[in-house]
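Novice: Kindly generate the corresponding structure for this input.
(5 chains)
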Amino acid sequence: MQRLSIRNRYASLVAGAIIAIMTMQTASVAAPQPAADTLPIERSRILTQPGVFGVFTMFKLRPEWNKVSATERMNSAAEVAALIEKHKDNVLVDLYLTRGLETNSDFFFRINAYDLAQAQTFMREFRSTTIGKNADIFDTLVGVTKPLNYITKAKSPELNAGLGSATYTGDAPRYVIVIPVKKSAEWWNLSFEQRLKEMESHTVPTLPYLVNVKRKLYHATGLDDIDFITYFETNDLIAFNNLLIALASVPENKYHVRWGNPTTLGTILSPENVIKALSE
Amino acid sequence: MQRLSIRNRYASLVAGAIIAIMTMQTASVAAPQPAADTLPIERSRILTQPGVFGVFTMFKLRPEWNKVSATERMNSAAEVAALIEKHKDNVLVDLYLTRGLETNSDFFFRINAYDLAQAQTFMREFRSTTIGKNADIFDTLVGVTKPLNYITKAKSPELNAGLGSATYTGDAPRYVIVIPVKKSAEWWNLSFEQRLKEMESHTVPTLPYLVNVKRKLYHATGLDDIDFITYFETNDLIAFNNLLIALASVPENKYHVRWGNPTTLGTILSPENVIKALSE
Amino acid sequence: MQRLSIRNRYASLVAGAIIAIMTMQTASVAAPQPAADTLPIERSRILTQPGVFGVFTMFKLRPEWNKVSATERMNSAAEVAALIEKHKDNVLVDLYLTRGLETNSDFFFRINAYDLAQAQTFMREFRSTTIGKNADIFDTLVGVTKPLNYITKAKSPELNAGLGSATYTGDAPRYVIVIPVKKSAEWWNLSFEQRLKEMESHTVPTLPYLVNVKRKLYHATGLDDIDFITYFETNDLIAFNNLLIALASVPENKYHVRWGNPTTLGTILSPENVIKALSE
Amino acid sequence: MQRLSIRNRYASLVAGAIIAIMTMQTASVAAPQPAADTLPIERSRILTQPGVFGVFTMFKLRPEWNKVSATERMNSAAEVAALIEKHKDNVLVDLYLTRGLETNSDFFFRINAYDLAQAQTFMREFRSTTIGKNADIFDTLVGVTKPLNYITKAKSPELNAGLGSATYTGDAPRYVIVIPVKKSAEWWNLSFEQRLKEMESHTVPTLPYLVNVKRKLYHATGLDDIDFITYFETNDLIAFNNLLIALASVPENKYHVRWGNPTTLGTILSPENVIKALSE
Amino acid sequence: MQRLSIRNRYASLVAGAIIAIMTMQTASVAAPQPAADTLPIERSRILTQPGVFGVFTMFKLRPEWNKVSATERMNSAAEVAALIEKHKDNVLVDLYLTRGLETNSDFFFRINAYDLAQAQTFMREFRSTTIGKNADIFDTLVGVTKPLNYITKAKSPELNAGLGSATYTGDAPRYVIVIPVKKSAEWWNLSFEQRLKEMESHTVPTLPYLVNVKRKLYHATGLDDIDFITYFETNDLIAFNNLLIALASVPENKYHVRWGNPTTLGTILSPENVIKALSE
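Specialist: Numbers count the residues shown, from 1 in each chain, chains lettered A, B, ... in the order given. The predicted structure follows:
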């Protein structure tokens, strides 16, 4: 009974795997998670730590916004500023202007928080502001930062050094681009070794763009219908276009089942200026 | 005539199959179905029994909700509580808050009922409440619980023991995640033996997460355009993210034609607090 | 000139085919078509004859329905009953309640008619009733009944006998399910013999469910963007779930390009009770 | 250097192709284009000539239409008739009733014109009529008639004769069906000889239906996101269903990336009667 | 250890690649970027230079537009003209009429600008005009012009000469067509040599249409969810249809994952006349 014997052999493997996994459980599951009570929020720290949740919410103003009185519209910037101030110990708030560059949004938030429920509370309260009541949500992306996985000092020393060998030297970025990513079952079924190799090929052509494109990564599998949120800031959109062509030209791209859709392109302004631009 | 002889052989197979199936009919079709008149509904029992229908309904408040008077909005929590009380012998009602984390919903219901028509009646009457009249349905998922199919004591003893060897030990879950699943024709055309093997590979990496992620499964083939509704509760979203990456990394994932789309992420609150949060 | 000789041989085949098809034209095209003036409509007859058109129309009430006065809402049941009475010599009208179980509809019609234009006239006039004016159409499916094609006494005698060996013995069905089906170009390019074989494999596992699930089939190729409308009634949704899993588990499922999407699940009530349930 | 020599050989081919194409340019590009000033429009002529643009526009009435006064609604038929009369030297206007048979439209136009800009002007002015102001566009299809390409007397003499051997002999068609078609890159990359062979297989099973289904073809590649608009009239929908099954059952169907989606089924009435039916 | 040695070899390749790329960085990334302060905007220059951003925005008038007073509607042409005048040193504005030919738009803008933020500002301010407040955005496409990549004098001399051997000689184009393009991961993973070969095959059949179809290309990878925006002007739509069929018939078409969807077809009018046509 060839089939049964395979089944039996499989059963032993399963039993072994259970023991192995049970043993390593604490180590593998316990991702670094900064204390939620670390107060107050510090921009430079929260934007570089693992275990930080990111909530991106794209909004589009309804036509009714035009019927809100000019005074009320003009007061919106202050109202939003007050809300940000109220939550400043819980969330870091960034606001971007997309009106004029996007079809489905006029502005979007990026909220960073150690505790996702606090990001939810901020976004829920925003919905009760004057501008929030006059806007529809087009998209929400939820992710979390994690430690480097592939291009680490241990696993890929040359490339890790390459990543550290240059930093952004351009003018202050005026543009932001958010691109959600979902990878195929085939990707996730590759061995770690194979994925590392693909991520190395993916990383090599990005090195020249360290000087003119900033990047940040959030992981989203299970929290959202995507695997990653990739976030970029740049002042050189032609360099950015070349970077994305370079990323399209490596085999790792063949494992994308979603890359963008939507891509969101906006401009970087202070929250106050975003709201003011939409209130004119 | 090679083809005809194949046809003839096939015909005999068909005749044999009819007899065999007719004989086993009662056994195979008669799924355990608890008496519908078992009263009253007990949470711990209805959530663990087979033959229980689950209806998930995601709602999004219309802009008009903002124009409902504050008094009426504030009375909504009591109105919904009264409706739940009225139906408490027929349905178990859970309510979750998604506003701030999702694009297309602000809150959602999970109704458990021995009789689907009673779940329908509850949901229909909710539509006539003040908040129900000011909300649009974004999604409805209908399924039914059934006895374990693959990882049973008889079919997969080691893994079955593994599943029983640990239980949730984390803090009370604050987060809920609902992920609908549809599998391909290729999956359903595998032999049971093959599907068992795949489900074993699927189950192994989930064992370490028994301690920090709770799960529940509803079957939906034919009742809805999906095959399964998977329901999760956790307080550790990074562990959940790791669990879902583990589930993505086994061959069974290649048979998904839908996994999420939408994934719904919300927070677990009492019905009263969900409505209150939306009434502020 | 190898290519040209193939072309020549093909040309002869074409010429032969034209003659053959022209000869058999009357027989192959003339589908049985009951006289349209057969009056009045008899439920038991029109539901079993070939050549009968079926129009399924799914409706969702607009929020404005809540603002229609209670009196007017309550009069709707009588208004729809009068419309059905007016058209009773032309169309057979069934109405089902989906509110509480479906996202995109609150109720749906099934119209059976010997003349499609008369079904259109009924549905058009319904749009001018109070409830019709307050509802949006979510979906329309148009098909026509035809004589059995595959599992006939001549082509598949054992299975044909199996289909006749049992009838529905359950309680009066409380649930209705409508599932549209579209098959791939690969399916339609199979020989009839191959399709017959697949339909036999498809039919075998359905035999045990003759006793608890009723079925009806409409053909739709060219009349709509689907090939079939499959209609089910049952009082045992777990048996129905098992039936649909059985149908998913045969090779014929691999030829589906659409199966459901949407599946519509509702409850079976008199037209009067459907409208009343929606008027409360 | 094998690769370079291939490149060189390719370069010569390219150079040769440029010369060949430049030479034949006038012949290949100059499609027959009737003079736009041929006045007035004659139905029988414009519907059989090549070089005629066809614009199909599907409309759905908004709920507001029900609030337009009965008088104004009733005047709509005359208003539309006057518009048709005003443009009768520029466009041929057909109007069809889909309410009751379609989800997304209540009526649709087919405009035939020698000059596309004149069809645009008519459709734009219709938008300013009372009914046009109360309707949303669901779909627009733009195409142009061209001379027969495949089944010509020269290329496929037997089938060409077959096409000429029968004409419509049924009752006046009461039904219209419009089916847009898009073919795959694989189709367009077949040699003309291969496509001719597939179109012959496609045409053979259609011959028996010449007597009960009328057809017309518009080409749309580049003018719209489809390759063809296929238009049918019939009084025998079961024959039409059989015809479409026959067309699904030939290999050419495997090259469809879109066939229908939407299929539009309506009834053939005078413009006046279409508007009246929608004004009741 | 075969695998490790492959990894080692790969690691050296990676290290080498980093050095090589770092070295060539300035050259490869520094795309030609005209000075943003080059004033004023000159049509003939900005439409032929690389490094120019193109923003296409498709608008559809809301039903409310019909309720704007005739005077206010009529003043819109002047209001838009004043806005164009205000921004004339920053952006080149083209406006096209699609009402009557398209489902989802009534008019669209093409903005050319050396600085994308200035195009954004113009489009944002347009949203505050009377017509802008009464229109919804259906689509936005953002791209940038770049120097010729494939068919250059150095890489493909014969075809480059062919492209230069003819220019548009037809009547002033009355029609505009915009077709977005996205190419597959397989395309971008081809070697440059292979892509050059495919683009040559793509270019050859376009040469005869130089005389009657004008074209312009914007690159969009990363700026939008497409790779290219292809823009055409013509007065001969049958020639254009033939050109697009020719482009469909080369292997390069097999690498399209999106080609059109939507294709936008409109007429070329002055901004004043577009607004006037929509104000009648």
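
Novice: Okay, the nearest residue to residue A:79 once chain neighbours are set aside and chain B: tell me how far apart.
Specialist: Sequence neighbours aside, residue A:129 is the residue nearest to residue A:79 in space, at 5.1 Å (criterion: C-beta to C-beta, 6 or more residues apart in numbering or on different chains). Heads up, the C-betas are built off the backbone N, CA and C, glycines and all. Applying C-beta to the nearest C-beta, to the nearest Å, the value for residue A:129 to chain B is 11 Å.

Novice: One more: residue A:180?
Specialist: 12 Å.

Novice: pLDDT score for the residue nearest to residue A:79?
Specialist: Residue A:129 carries a pLDDT score of 97 in this model.

Novice: tell me the contacts of it?
Specialist: A:76, A:79, A:80, A:83 (C-beta atoms under 8 Å, 6 or more residues apart in numbering or on different chains).

Novice: One more: residue A:174?
Specialist: Residue A:174 neighbours (C-beta under 8 Å, 6+ apart): A:235, A:267, A:268, E:117.

Novice: quick one: which of these is nearest to residue B:263?
Specialist: Proximity of these to residue B:263 (C-beta to C-beta) peaks at residue A:268, which lies at 29.3 Å.

Novice: secondary structure element for the closest residue to that closest one other than its chain neighbours?
Specialist: Spatially, and ignoring its direct neighbours in sequence, residue A:268 is nearest to residue A:176 (5.3 Å; C-beta to C-beta, 6+ apart). If you go by DSSP states H and E, residue A:176 is part of strand A:175-183.

Novice: Where does the prediction get shaky in the stretch 151-280 of chain A?
Specialist: Along the stretch 151-280 of chain A, no part satisfies pLDDT under 70.

Novice: Start from the N-terminal end of the stretch 151-280 of chain A and give the strands.
Specialist: In the stretch 151-280 of chain A, the strands defined using DSSP state E, counting those that start in this stretch lie at A:175-183, A:213-219, A:228-234, A:256-259, A:264-268.

Novice: Note down every partner strand of the last one and its orientation.
Specialist: Just to be clear, that refers to strand A:264-268. Strand A:264-268 has the following strand partners under DSSP bridges: strand A:91-97 (antiparallel), strand A:175-183 (antiparallel).

Novice: Kindly report the same for the third one.
Specialist: Note on strand A:228-234: by DSSP bridges, its sheet partners are strand A:175-183 (antiparallel), strand A:213-219 (antiparallel).

Novice: any idea how far the residue nearest to residue A:268 is from chain E?
Specialist: The gap separating residue A:176 from chain E is 12 Å, by C-beta to the nearest C-beta.

Novice: beta partners of that residue?
Specialist: With DSSP bridges as the rule, residue A:176 is bridged to residue A:233, residue A:266.

Novice: burial count for it?
Specialist: Here the number of neighbours of residue A:176 (other C-beta atoms under 10 Å in any protein chain shown) works out to 22.

Novice: Show only the entries of the contacts of residue A:129 found in helices.
Specialist: The members of these that map onto helices under DSSP state H are A:76, A:79, A:80, A:83.

Novice: Next, count neighbours for the residue nearest to the first one when sequence neighbours are not counted.
Specialist: Distance criterion C-beta to C-beta, 6+ apart; nearest residue to residue A:76, sequence neighbours excluded, is residue A:131 at 4.5 Å. A count of neighbours around residue A:131, defined by other C-beta under 10 Å, yields 25.

Novice: hang on, isn't residue A:57 packed against residue A:137?
Specialist: Yes. With contacts defined as C-beta atoms under 8 Å, residue A:57 counts as touching residue A:137 at a distance of 6.1 Å.

Novice: which of those two has more neighbours?
Specialist: A direct count of neighbours by other C-beta under 10 Å for residue A:57 and residue A:137 places residue A:57 higher, at 26 against 21.
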